[in-house]
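In: Using only what follows, build the 3D model:
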Amino acid sequence: MRTLVFRLALGLALGACGKSGDGDKPGAGTGASPRDAVIDAWKAAKLGPSAMAPATVTFAKDCQAGTVGTIEVLLCSFGSPADARAAEDPGLAWVGAATGASRAHGSVLVVLADRKKADPSGRTINQLMKLAPN
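Out: Residues are numbered from 1 along each chain as shown. Next up is the predicted model:
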């Protein structure tokens, strides 16, 4: 129950973050795919994302999974931002009982899970979500 409350609070906090200045984020406005822009933003912040590998999930067709530090990452590309937003709740199902988040950033769904309980404050998850360009 406490994990669910934390995820809801984290989601509200992330939703309250301003969106101004997104064009200044690394990867914003480059010719890379939206998913590559997310990975590039994390690399620019020296967070060291692992190599991404194709992942199969029931709610999306074009997904890749990897890690950033101890956080498990799932990045799914969609045809539109609306389709990515519609997959946020199924993304939380991928997180399961772990602390995590699922949020659309443009046409990319970013799903993060702290299955190793290495980020108890949610600070790393919050940072990863803030860095992802919209």
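In: For the strand of greatest length in the chain, which outside residues touch it?
Out: In the chain, with assignment by DSSP state E, the single longest strand is strand 60-68. Here strand 60-68 makes contact (Cβ atoms under 8 Å, 6 or more residues apart in numbering) with 35, 42, 47-57, 72-78, 87, 90, 109, 124, 128. For every residue, glycine as well, the C-beta is placed using N, CA and C.
In: From these, list just the buried residues.
Out: In the contacts of strand 60-68, burial by neighbour count holds for 35, 42, 47, 49, 52, 55, 57, 72-78, 87, 90, 109, 124, 128, counting by 16 or more other Cβ atoms under 10 Å.
In: Among those residues, name the ones in helices.
Out: With DSSP state H as the criterion, helices contain 35, 42, 90, 124, 128 from among these.
In: For the fourth one, give me its contacts.
Out: Okay, so that is Thr124. By Cβ under 8 Å, 6+ apart, the residues touching Thr124 are 68-69, 71, 114, 118.
In: how about 6 Å then?
Out: Ile71 (Cβ atoms under 6 Å, 6 or more residues apart in numbering).
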